[in-house]
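[1] Based on what follows, work out the 3D shape:
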Amino acid sequence: MRVHVIAMGDRMPAWVEQGYQEYAKRLGSELQLYLHELTPEKRGKGADVKRILQKEGERMLQAIPANCDVVALDREGQSLSTESLADKLKDWLGAGRDLAWLIGGPEGMSPACLQRAQWRVSLSAMTFPHPLVRIILAEQIYRAYSILKNHPYHK
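    Got it, this is the predicted structure:
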């Protein structure tokens with residue numbers, strides 16, 4: 001199974017890349033994690049946020065590989081436990097479908113991306129910096145997978 005993380009934002013600090021890659025490499029061959037970084041629209045004083053979200057959303061939608069189920073990270077999304085994520089991951093693995101997780105930019109995600117998603121998930125009621133979200137998501141996917149494999153990581 002391929003899990004695509006489609007994230008708005010590029011040129012991340014080295015610690016972000018290292019943290020993300022640490023969990024991606026732990027997953028092995030049955031579950032492979034791929035990061036697709038998208039360059040955000042330019043922002044400045046008086047920027048048209050609605051237009052920015054629309055353009056970024058169009059690029060996110062284009063980046064979703066064919067035949068993927070889509071999950072959008074959204075502060076209004078469903079809050080779930082790691083065990084619940086593991087149950088859902090088991091279903092996805094059993095169905096043999098690839099998965100795309102969408103991480104929006106600083107202003108969030110376009111309505112078109114939210115509509116495209118089959119599932120909306122909230123990582124927390126707190127707000128995290130977008131670079132850190134990549135690491136949290138990769139770690140939670142690894143943790144959920146370790147639960148399925150009875151690996152002691154989750155203990």
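
[2] May I have stretch 74-86 exported as CSV, CA atoms only?
    Extracted C-alpha coordinates of stretch 74-86, given in CSV (Å, rounded to 0.1, in the frame of the first residue of the first chain):
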residue,chain,number,x,y,z
ASP,A,74,-9.0,19.5,9.0
ARG,A,75,-9.5,21.2,12.4
GLU,A,76,-13.3,20.5,12.0
GLY,A,77,-12.6,16.8,11.2
GLN,A,78,-13.2,13.7,13.3
SER,A,79,-11.0,13.3,16.3
LEU,A,80,-9.8,9.7,16.7
SER,A,81,-7.5,7.6,18.8
THR,A,82,-4.5,5.9,17.4
GLU,A,83,-6.3,2.6,17.9
SER,A,84,-9.1,3.8,15.7
LEU,A,85,-6.6,4.9,13.1
ALA,A,86,-5.1,1.4,13.3
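
[3] For it, list every residue counted as buried.
    74, 77, 80, 82, 85-86 (16 or more other C-beta atoms under 10 Å). C-beta: built from backbone N, CA, C; applies to glycine.

[4] need those in CSV with secondary structure, can you?
    CSV is the format used below for these (DSSP: H, G, I helix; E, B strand; the rest coil):
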residue, secondary structure
D74, strand
G77, strand
L80, coil
T82, helix
L85, helix
A86, helix
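
[5] Turn those into JSON lines, including pLDDT.
    Formatted as JSON lines, those follow (pLDDT from 0 to 100):
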{"residue": "D74", "pLDDT": "92"}
{"residue": "G77", "pLDDT": "93"}
{"residue": "L80", "pLDDT": "91"}
{"residue": "T82", "pLDDT": "93"}
{"residue": "L85", "pLDDT": "95"}
{"residue": "A86", "pLDDT": "95"}
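
[6] Where does S146 sit, in terms of helix or strand?
    helix 130-148 (DSSP states H and E).
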